[in-house]
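**Student:** what would the 3D arrangement of this be:
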Amino acid sequence: MDTPPNTNNTKTRKPRNWQSKIVKAFQIRPKSKEMLLEVMADAEKNNLIGPESRLMMEGVLRISEMRAIDIMVAAPRIDMIDIEMDRGELFHQVIDIGHSRYPVFEENRENIIGVLHSKDLLKLQRAPDFNIKALLRNVLYVPESKSLVDLLRDFKKSKNHLALVVDEFGRIAGLLTLEDVLEEIVGEIEDEFDTQSSTPDIYTLADKSYRIAGNCSIEDIDKAFDVHLLEGKEEEFDTLGGVIAHEMGHVPQKGESISIAGLKFEVMHARGGAVKWFRLRL
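**Tutor:** Residues are numbered from 1 along each chain as shown. Here you go, the predicted structure:
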C-alpha cells in the first residue's frame, strides 16, 4: 500500500489571490507618474488586472491633475431656467433638453437663485398652484481652480450633483456635474432611457430623436438613415464631427445646428474643441 505524501513538507503553494498580486506588482515603488503608468500596463499584460481596471486607474491619475475649469461647460452654453417662465414653456424646455438638473435664474443669468430637479416637477402636476421657488435646491459654487478630486469630496459632502464654477471676480464661468467628473474616470456614461441601435454610436432617445457620437462614422450614419452625407462633396471625411465642422467652417458649439442631406444635426455636448454628441431629429 502506497504511503500518502507528507503534505507538510511539500513546497507547493496556493495561488496568490488578486490582492496579493496587485501588492506585488506595485512593490517596484514607481517614482513618477510615467513609471506608475508603466507598472499598470505591465500588470495588465501579466493578467493581474483587466483592461477596464487599468483604464479606470489611469482615469483617477488623470483627474488628480485636472481642475474644474478643464471640464466645465462654459457659461454661455449652460441650459438655465428663467423663474418667470410660464408652466407650459418650463415643461417643454425640461422635456426637450432632457437634463436632470437646471440652474434657475431671476432677472438675469448671473442671478442664480437655486437648482431645479426635473423629478420635482411632478409635484407641480399634482398641485398646479405650487410655487416653483419652493422646489429649488441650494447651489454649490466652486472656483475655477478647484481640483476634481476635491470636487468629488464636495459632491459627496453636500449631496449635490451639480456645481456652478465662478471666476476670480465671482462671475459664473461654467457648470459641471458629478457625471462629468466620473466620465473622466470610467468613460462615457449612457442615459438609462437611451436605446442603443445596431450601431454602437447611435442611440434612440425617449422623445424619438437620436443621439449620435461625434466620432460616429459616415458609413454608419448612411446605413442607419439611408442617406449619403458626402454626396456631391469633393472632400472625404471619416466621422460626423469632421464633416459638420467642415460645413460650418469652425468648431461647432453647443446649440448650433446644421442640415446635411436632409438631416438636421444639433450640437448637444462639446468638450475640448470637439463635439461629443449630436442630436438628430427626423
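**Student:** ok, which stretches of the stretch 151-282 of the chain are strands?
**Tutor:** Using DSSP state E, counting those that start in this stretch, the strands found in the stretch 151-282 of the chain span residues 162-166, 172-177, 195-196, 202-204, 210-213, 257-260, 263-271, 274-281.
**Student:** okay, those strands in CSV with distance to Val227, mean neighbour count and mean pLDDT next?
**Tutor:** To be clear about C-beta, it is placed using only N, CA and C from the backbone, and glycine gets the same treatment. Putting these into CSV (distance: least, C-beta to C-beta, whole Å; neighbours: other C-beta atoms under 10 Å; pLDDT from 0 to 100) gives the following:
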stretch, distance to Val227, mean neighbour count, mean pLDDT
strand 162-166, 37, 22, 95
strand 172-177, 34, 21, 93
strand 195-196, 20, 12, 50
strand 202-204, 13, 18, 83
strand 210-213, 13, 22, 88
strand 257-260, 8, 14, 93
strand 263-271, 6, 19, 85
strand 274-281, 11, 20, 85
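**Student:** tabulate those (CSV), appending distance to Thr239.
**Tutor:** Written out in CSV, the entries for these read as follows (distance: least, C-beta to C-beta, whole Å):
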stretch, distance to Thr239
strand 162-166, 30
strand 172-177, 26
strand 195-196, 19
strand 202-204, 13
strand 210-213, 9
strand 257-260, 13
strand 263-271, 12
strand 274-281, 10
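**Student:** could you pull out the helices in this protein for me?
**Tutor:** 18-25, 33-45, 51-63, 68-71, 87-97, 122-126, 148-158, 178-186, 218-225, 240-248 (DSSP state H).
**Student:** now do the contacts for Leu162.
**Tutor:** If you count contacts by C-beta atoms under 8 Å, 6 or more residues apart in numbering, Leu162 has them with 101, 103, 115, 140, 175-178.
**Student:** try it again at 6 Å.
**Tutor:** Neighbouring residues of Leu162 by C-beta atoms under 6 Å, 6 or more residues apart in numbering: 101, 115, 177.
**Student:** as a markdown table, these with distance to Leu151 would be great.
**Tutor:** Shown next, in a markdown table, are these (distance: C-beta to C-beta, whole Å):
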| residue | distance to Leu151 |
| --- | --- |
| Arg101 | 16 |
| Val115 | 16 |
| Thr177 | 10 |
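**Student:** closest to Ala213 among those residues?
**Tutor:** Lowest distance from Ala213 to the contacts of Leu162 (C-beta to C-beta) belongs to Thr177, with 19.2 Å.
**Student:** got the domain boundaries for this protein?
**Tutor:** Per automatic domain parsing, the structural domains of the chain span 19-65, 70-186, 195-281.
**Student:** ok, the nearest residue to Leu263 once chain neighbours are set aside to Leu240 distance?
**Tutor:** Nearest non-adjacent residue to Leu263, counting by C-beta to C-beta, 6 or more residues apart in numbering: Leu280, 5.9 Å away. Using C-beta to C-beta, to the nearest Å, Leu280 is found at 9 Å from Leu240.
**Student:** relative to Glu256, how far out is the closest residue to Ala261 other than its chain neighbours?
**Tutor:** In this structure, Ala261 finds its nearest non-sequential neighbour in Val227, 4.4 Å apart by C-beta to C-beta, 6+ apart. Per C-beta to C-beta, Val227 is found 20 Å from Glu256.
**Student:** on that earlier part again, for Glu235, find the nearest of the strands of the stretch 151-282 of the chain.
**Tutor:** Among the strands of the stretch 151-282 of the chain, strand 257-260 comes nearest to Glu235, with 12.7 Å by C-beta to C-beta.
**Student:** quick one: residues contacting Glu266.
**Tutor:** Glu266 touches 257, 279, counting by C-beta under 6 Å, 6+ apart.
**Student:** tell me the contacts of Lys133?
**Tutor:** Contacts of Lys133 by C-beta under 6 Å, 6+ apart: none found.
**Student:** check it and give its pLDDT.
**Tutor:** Per-residue pLDDT puts Lys133 at 87.
**Student:** lowest average confidence, helix or strand, in the protein?
**Tutor:** Lowest by mean pLDDT, DSSP states H and E among the helices and strands of the chain is strand 195-196, with a mean of 50.
**Student:** what does stretch 53-60 contact?
**Tutor:** Contacts with stretch 53-60, where a contact means C-beta under 6 Å, 6+ apart, come from 40, 44, 184-186.
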